[in-house]
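Student: This is the structure alone, sequence omitted:
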Ligand code: WT7
């Protein structure tokens with residue numbers, strides 16, 4: 001009989017007695033942490049992480065610069081790999097290729113140790129030293145994790161670039177980071193097709209000097225087979241040394257390199273994975289995120305490995321070749337923790353329960369959601385059809401900048417409430433304020449902030465851009481998340497989504513300014529504005545309003561965005577407009593465009609210099625809504641199915 005971990009109590013879900021007993025965090029964890037937050041983290045760091053040298057100062061802050069475990073020395077790779085060698089045969093990574101006919105690969109901790117050392121030796125041969133940046137442009141194959149760990153081992157700073165980003169986007173990130181070496185792969189499989197990644201990588205590097213290391217997909221798992229065994233000593237890193245860089249979208253056209261520190265990141269990645277997913281070393285976690293995103297870094301790679309558990313990585317689309325592929329993987333690999341994004345869940349839900357009904361998935365213990373707000377219907381669908389009314393759904397709120405999850409209900413403690421991420425992780429202080437920096441009353445909407453002492457894995461800097469780092473903090477010196485939120489009378493947080501010009505498209509973070517810049521680079525474009533529109537599947541989609549000379553087509557605009565950024569940033573709709581609504585001071589009124597896209601009327605146009613534009617655009621939108629909606633490539637399968645059911649939207 002499958003274990004029941006959760007039960008309904010009134011309008012919320014609470015852990016069962018059994019789940020409470022299994023809790024690794026313990027029922028008094030919040031109380032313990034609140035008594036002395038710095039001391040709490042110190043205890044966790046001491047207990048969970050192997051240090052080469054202890055720290056002398058647990059938390060230090062000067063102005064906006066803060067640090068954890070000063071004086072302490074450690075190595076992230078050692079903690080994720082070497083220290084588990086007392087269980088050498090335990091599986092570290094399960095690699096599931098997209099083609100169901102291709103054999104699943106299991107990499108033991110000992111095998112991982114050997115490969116990481118060889119990869120580290122290769123990097124050294126290429127001249128990579130401590131503090132150098134290494135770009136990683138790879139699909140979800142074990143070698144991606146191996147090279148990330150190898151960088152961490154020698155103190156090099158990896159900068160992973162999502163494999164679906166375009167050559168232009170890769171080039172921008174390589175140049176900004178000043179990467180010395182690029183690690184890439186010749187090809188990988190997606191939707192049954194071979195994707196030539198090397199061609200993309202070569203295009204990106206055409207005019208830059210960079211050494212390359214190319215992994216052959218055909219030899220996956222055997223990349224280092226011909227090398228002699230070597231041991232590369234893990235570099236002794238200062239706690240505040242940079243662990244890695246990860247580019248993310250901000251509110252300008254240029255992505256920013258978010259910097260994470262070794263000590264704080266290692267500590268929080270380990271403990272968040274243990275507490276948030278109650279992950280134990282005999283268990284298997286499948287986080288479906290790509291390593292190109294922070295979720296993949298922390299919960300597909302470092303978190304589970306730091307905990308000595310098994311991590312499942314899957315190369316392809318979760319619905320390939322059929323919508324039950326992910327269910328098959330859960331069942332076959334006996335996954336205990338399944339962590340995914342609302343956008344994927346909405347896609348699974350569309351495929352219907354005829355698939356989920358056939359799978360018991362008794363191994364499942366915890367379900368997690370991340371990346372965008374999860375609506376109540378999707379939450380309930382996840383709970384019922386995948387969790388079979390047994391497993392808690394943990395809605396985890398966090399960001400590239402926070403490095404690890406920061407707001408969620410803990411398993412075994414709860415409560416679990418649809419649409420509420422709920423409670424800050426023990427030892428963290430979040431609140432909701434208004435634009436003036438004052439606390440808003442309970443239940444009222446405001447801006448989410450974090451107060452010092454800041455969480456250990458919070459951003460330490462923006463690569464080569466101090467000003468953008470400082471922009472994260474308000475005049476009270478608090479960290480501003482950029483999200484709208486409500487804190488209710490019980491202190492539970494409900495995250496409402498971005499309060500700035502960032503949109504989450506299928507959980508992917510996109511900057512409207514970056515897409516606008518891409519469009520504006522087209523000859524003939526006078527002005528371009530991007531706004532997010534709600535979408536049933538992808539949460540949000542970008543919509544473009546373009547003022548251009550005649551002769552440009554929707555396809556031209558889309559092609560330019562794909563070239564500059566990648567298919568994930570494709571506008572769902574492009575409107576060629578005569579005029580973009582603007583105030584007298586020349587500010588483009590995105591809010592008005594959003595209102596029009598939502599199908600609502602705009603009442604007050606008196607502040608505009610060109611009020612006539614509103615009516616014209618409103619009509620174009622209504623007209624378009626009558627026609628078929630354009631869909632991104634990820635949804636092709638569903639649309640085909642819908643078509644065959646005769647229910648095409
Ligand atoms: C933005 C950060 C953190 C891993 C993946 C995304 C949104 C994230 C939730 C959630 C509501 C969420 C926020 C945040 N977000 N998780 N559980 N509920 N919104 O990292 O790409 O840096 O995006 O994702 O808007 O600011 P990211």
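Tutor: On my side now, so go ahead. As the structure is a prediction and not an experimental result, all values here were calculated from the model.
Student: And the helices in the stretch 301-450 of the chain, which stretches?
Tutor: For the stretch 301-450 of the chain, the helices defined by DSSP state H, counting those that start in this stretch cover 303-306, 325-332, 342-351, 353-356, 376-381.
Student: just those: most buried one?
Tutor: helix 303-306 (a mean of 28; mean count of other C-beta atoms under 10 Å). For glycine as for every other residue, the C-beta is placed from the backbone atoms N, C-alpha and C.
Student: is the ligand contacted by it?
Tutor: No - applying C-beta under 6 Å from any ligand atom, one finds helix 303-306 separated from the ligand by no less than 12.1 Å.
Student: How about the residues of the chain by the ligand?
Tutor: Counting by C-beta under 6 Å from any ligand atom, the chain sits next to the ligand at 248, 294-295, 370-373, 395-400, 421, 481-483, 495, 497-498, 504, 509.
Student: among those, which ones are buried?
Tutor: Among the residues of the chain next to the ligand, those buried by neighbour count (16 or more other C-beta atoms under 10 Å) are 248, 294-295, 370-373, 395-400, 421, 481-483, 495, 497-498, 504, 509.
Student: Can you tell me which of these end up in strands?
Tutor: With DSSP state E as the criterion, strands contain 248, 370, 395-396, 481-483, 495, 497-498, 504, 509 from among these.
Student: Would you mind listing the two of these that lie farthest apart?
Tutor: The distance between the two most remote of those (C-beta to C-beta) is 20.8 Å, for 248 and 395.
Student: Tell me where the stretch 151-300 of the chain has helices.
Tutor: 167-177, 197-204, 262-276, 294-296.
Student: Now mean pLDDT too, for those helices, in JSON lines please.
Tutor: What follows is these, written out as JSON lines (pLDDT from 0 to 100):
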{"stretch": "helix 167-177", "mean pLDDT": "98"}
{"stretch": "helix 197-204", "mean pLDDT": "98"}
{"stretch": "helix 262-276", "mean pLDDT": "98"}
{"stretch": "helix 294-296", "mean pLDDT": "98"}
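Student: which one of those helices is the most hemmed in?
Tutor: helix 262-276 comes out most buried of the helices of the stretch 151-300 of the chain by mean count of other C-beta under 10 Å, with a mean of 27.
Student: Against which helices or strands is that helix packed?
Tutor: With contacts defined as 3 or more C-beta pairs under 8 Å, 6 or more residues apart in numbering; DSSP states H and E, the packing partners of helix 262-276 are helix 37-48, strand 65-70, strand 73-74, helix 76-80, strand 237-238, strand 242-248, helix 303-306.
Student: Turn those into CSV, including mean pLDDT.
Tutor: Below are those laid out as CSV (pLDDT from 0 to 100):
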stretch, mean pLDDT
helix 37-48, 98
strand 65-70, 98
strand 73-74, 98
helix 76-80, 99
strand 237-238, 98
strand 242-248, 98
helix 303-306, 98
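Student: Could you dump these into TSV with distance to residue 386 added?
Tutor: As requested, the helices and strands packed on helix 262-276 are exported to TSV (distance: least, C-beta to C-beta, whole Å):
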stretch	distance to residue 386
helix 37-48	30
strand 65-70	36
strand 73-74	37
helix 76-80	28
strand 237-238	39
strand 242-248	29
helix 303-306	20
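Student: roughly how far is the longest helix anywhere in the chain from the heart of the chain?
Tutor: Taking DSSP state H as the criterion, the chain has its longest helix at helix 109-125. Here the centre of helix 109-125 is set off from its chain's centre by 26 Å, with C-alpha atoms, centre = their mean, to the nearest Å.
Student: if you average pLDDT over that helix, what comes out?
Tutor: Averaging pLDDT along helix 109-125 gives 98.
Student: in stretch 594-606, what's buried?
Tutor: For stretch 594-606, a neighbour-count test (16+ other C-beta under 10 Å) marks 594-597, 602 as buried.
Student: same check, this time on stretch 43-54
Tutor: 44-45, 48-49, 51.
Student: List the contacts of residue 410.
Tutor: The contact partners of residue 410, taken as C-beta atoms under 8 Å, 6 or more residues apart in numbering, are 23, 25, 29, 275-276, 394, 423.
Student: go on, residue 137?
Tutor: By C-beta under 8 Å, 6+ apart, the residues touching residue 137 are 160-161, 163, 165, 170, 182-185, 197, 200-201, 204.
Student: Just send these back as CSV, with distance to residue 529 too.
Tutor: Formatted as CSV, those follow (distance: C-beta to C-beta, whole Å):
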residue, distance to residue 529
160, 31
161, 27
163, 29
165, 23
170, 26
182, 34
183, 37
184, 35
185, 37
197, 33
200, 29
201, 32
204, 28
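Student: With respect to residue 265, which of the residues you listed is nearest?
Tutor: Nearest to residue 265 among those, with distances taken as C-beta to C-beta, is residue 160, at 14.1 Å.
Student: Residues in a beta bridge with the nearest residue to the closest one once chain neighbours are set aside, which ones?
Tutor: Leaving aside its sequence neighbours, residue 160 sits nearest to residue 136 (C-beta to C-beta, 6 or more residues apart in numbering; 4.4 Å). Beta-bridge partners of residue 136, counted by DSSP bridges, are residue 160, residue 183.
Student: got the contact list for the residue of the stretch 251-400 of the chain at minimum distance from the ligand?
Tutor: Here the residue of the stretch 251-400 of the chain nearest the ligand is residue 400; by C-beta to the nearest ligand atom that distance is 3.4 Å. Counting by C-beta under 8 Å, 6+ apart, residue 400 makes contact with 246, 248, 258, 293-294, 459, 509.
Student: Would you point out the most distant pair within the residues you listed?
Tutor: By the measure C-beta to C-beta, 293 and 459 form the most distant pair in the contacts of residue 400, at 15.2 Å.
Student: what's near enough to touch the closest residue to residue 608 other than its chain neighbours?
Tutor: Nearest residue to residue 608 in three dimensions, chain neighbours excluded: residue 581, at 5.5 Å (C-beta to C-beta, 6+ apart). Applying C-beta under 8 Å, 6+ apart to residue 581 gives the contacts 588-589, 592-593, 605, 608, 610-611, 613-614, 617.
Student: Can you tell me which of those residues is nearest the ligand?
Tutor: Nearest to the ligand among the contacts of residue 581, with distances taken as C-beta to the nearest ligand atom, is residue 593, at 20.2 Å.
Student: Quick check, that closest one in contact with residue 544.
Tutor: No - judged on C-beta atoms under 8 Å, residue 593 makes no contact with residue 544 at a distance of 10.1 Å.
Student: Flag the shaky bits of the stretch 501-649 of the chain, pLDDT-wise.
Tutor: Low-confidence segments of the stretch 501-649 of the chain, defined by pLDDT under 70: 627-649.
Student: wait, what's in contact with the residue of it found nearest the ligand?
Tutor: Proximity of the stretch 501-649 of the chain to the ligand (C-beta to the nearest ligand atom) peaks at residue 509, 3.4 Å away. Listed by C-beta under 8 Å, 6+ apart, the contact partners of residue 509 are 248-249, 400, 502-503.
Student: number of nearby residues for residue 536?
Tutor: Residues within reach of residue 536, counting by other C-beta atoms under 10 Å, total 11.
Student: Could you do residue 120 as well?
Tutor: 27.
Student: Please tell me how far it sits from residue 602.
Tutor: Using C-beta to C-beta, to the nearest Å, residue 120 is found at 59 Å from residue 602.
Student: How much space separates residue 335 from residue 328?
Tutor: 11 Å.
Student: for residue 180, that is, sorry about that
Tutor: Distance, residue 180 to residue 328, using C-beta to C-beta: 41 Å.
Student: can I see the domain layout of this protein?
Tutor: Split into domains by automatic domain parsing, the chain comes to 6-481, 502-644.
Student: Of those domains, which is nearest residue 488?
Tutor: Comparing those by C-beta to C-beta, domain 6-481 comes nearest, at 5.4 Å.
Student: what about that closest one, how long is it end to end?
Tutor: 31 Å (C-alpha to C-alpha, to the nearest Å).
Student: now that domain, how far from the centre of its chain.
Tutor: 8 Å.
Student: Of the helices and strands packed on helix 262-276, give the one that comes closest to residue 3.
Tutor: Closest among these, using C-beta to C-beta: helix 303-306, at 20.9 Å.
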